[in-house]
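Student: can't give you the sequence, but here's the structure:
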């Protein structure tokens, strides 16, 4: 079985970064999803693709994967870049787009 270890990205719905500190171990799906002939809903017989384990540190997640003898890949989180902005820049004279209501 293959697994992926990563830190989740911030959701687009909220500005907080609360659930991005933990490390997640997810199993890769072993089967393709198929449409149910009667309802048309996607589904697969692979229940391990639904499992999502969280750990406080990367080392804990790697130790768990080694204990289960899994092939795993670690995805490093991208570094967050903060672009400093000032409120006064909204009203700058040399602004690229004119400010309007």
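Tutor: Perfect, I can see it now. Here the structure is a predicted model, which means the values were calculated and not measured. Numbers count the residues shown, from 1 in each chain.
Student: Look up the closest residue to residue 2, ignoring the ones flanking it.
Tutor: Spatial nearest neighbour of residue 2, chain neighbours left out: residue 28 (4.4 Å); criterion: C-beta to C-beta, 6 or more residues apart in numbering. In this view, the C-beta of every residue, glycine as well, is placed from N, C-alpha and C.
Student: Got phi/psi on the one you found?
Tutor: Residue 28 adopts backbone torsions of phi -80, psi 140, taken as degrees, to the nearest 10.
Student: Please name every helix or strand in contact with the worst-scoring helix or strand of the chain on mean pLDDT.
Tutor: One helix or strand of the chain scores below all others by mean pLDDT, DSSP states H and E: strand 42-43, with a mean of 83. Secondary-structure packing of strand 42-43 (3 or more C-beta pairs under 8 Å, 6 or more residues apart in numbering; DSSP states H and E): strand 34-35.
Student: need the strands for this structure, in chain order.
Tutor: Assignment of strands within the chain using DSSP state E yields the ranges 2-6, 23-27, 34-35, 42-43, 52-55, 71-74.
Student: Mean neighbour count and distance to residue 98 added to those, as CSV?
Tutor: Formatted as CSV, the strands of the chain follow (neighbours: other C-beta atoms under 10 Å; distance: least, C-beta to C-beta, whole Å):
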stretch, mean neighbour count, distance to residue 98
strand 2-6, 17, 42
strand 23-27, 19, 45
strand 34-35, 10, 50
strand 42-43, 10, 47
strand 52-55, 14, 47
strand 71-74, 14, 47
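Student: Which one of those strands has the poorest average confidence?
Tutor: Lowest mean pLDDT within these: strand 42-43, at a mean of 83.
Student: Alright, I will stop here.
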